[in-house]
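# Sequence and predicted model, in that order:
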Amino acid sequence: MATPYVTDETGGKYIASTQRPDGTWRKQRRVKEGYVPQEEVPVYENKYVKFFKSKPELPPGLSPEATAPVTTSRPEGGEPGLSKTAKRNLKRKEKRRQQQEKGEAEALSRTLDKVSLGETAQLPSAPQGSRAASTAASEQPDSAVTTEKAKKIKNLRKKLRQVEELQQRIQAGEISQPSREQLEKLARRRALEEELEDLELGL
């Protein structure tokens, strides 16, 4: 912000009186000839800074059209401007990925061959494609059901173990007055045991 100067009839310069934030006024001050306030003093720049600021961006004689960005075609290795090692690494990654896909495809074809060979030995009259599809469809639900049953059995065993621990704590006198929830848990013991037996027989 420039300093507000006031000139009088005699030609002398003064800094105008200003009001402070608390409401009081600063006195008007006389300014000597050639005085430059601190905030108006230019920032010092050494000769190198001045040289680089005055230096043109382009070399002398070069037209701006010649420096227009040229669209370069990408090299084969993918990203532009990659070093040799980066390109080599990209090629290796690509090769590894292709080998992995190829290996997965081979493993899948081998398992399909095994399944279809096993089916032909059991049912020689049925067509090969329909047999593979039927076995794949029948195996999937069975495995899902067995895993679900196994989870239920595990859960029931855990609940029974908790009930037994609770009963032991009551008998040992650790819990003098069991809560309503604890009593309900003890009452469910027989039902849990029956459910567990049914599931284990079902497997």
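Okay, I see it.
# now what about the helix or strand hosting L183, what contacts it?
In this structure, L183 sits in helix 180-187 according to DSSP states H and E. With contacts defined as Cβ atoms under 8 Å, 6 or more residues apart in numbering, helix 180-187 is touched by Q162, V163, L166, Q167, I170, I175, P178. C-beta coordinates here come from the backbone N, C-alpha and C atoms, glycine included.
# From these, pick the one nearest T146.
Closest approach between the contacts of helix 180-187 and T146, by Cβ to Cβ: Q162, at 24.9 Å.
# give the contact list for that closest one.
Residues in contact with Q162 (Cβ under 8 Å, 6+ apart) are K185.
# Using a markdown table, lay out the contacts of helix 180-187 together with secondary structure, pLDDT and distance to L112.
Output for those, formatted as a markdown table (DSSP: H, G, I helix; E, B strand; the rest coil; pLDDT from 0 to 100; distance: Cβ to Cβ, whole Å):
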| residue | secondary structure | pLDDT | distance to L112 |
| --- | --- | --- | --- |
| Q162 | helix | 89 | 46 |
| V163 | helix | 89 | 48 |
| L166 | helix | 87 | 52 |
| Q167 | helix | 87 | 54 |
| I170 | helix | 86 | 59 |
| I175 | coil | 82 | 59 |
| P178 | coil | 83 | 59 |
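# Just the buried subset of those residues, written out for ChimeraX, thanks.
To isolate the buried ones among those in ChimeraX, judged by 16 or more other Cβ atoms under 10 Å, type:
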select :163,166,167,170
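# Pipe the contacts of helix 180-187 into CSV and attach distance to K13 per row.
Listed next are those as CSV, based on distance: Cβ to Cβ, whole Å:
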residue, distance to K13
Q162, 94
V163, 99
L166, 96
Q167, 102
I170, 100
I175, 95
P178, 97
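# Looking at the residue nearest to the spatial centre of the chain now. What's its pLDDT?
When Cα atoms, centre = their mean is applied to the chain, the residue found nearest the centroid is K93 (22.4 Å). pLDDT, the model's per-residue confidence, is 91 for K93.
# Perfect, I'm done here.
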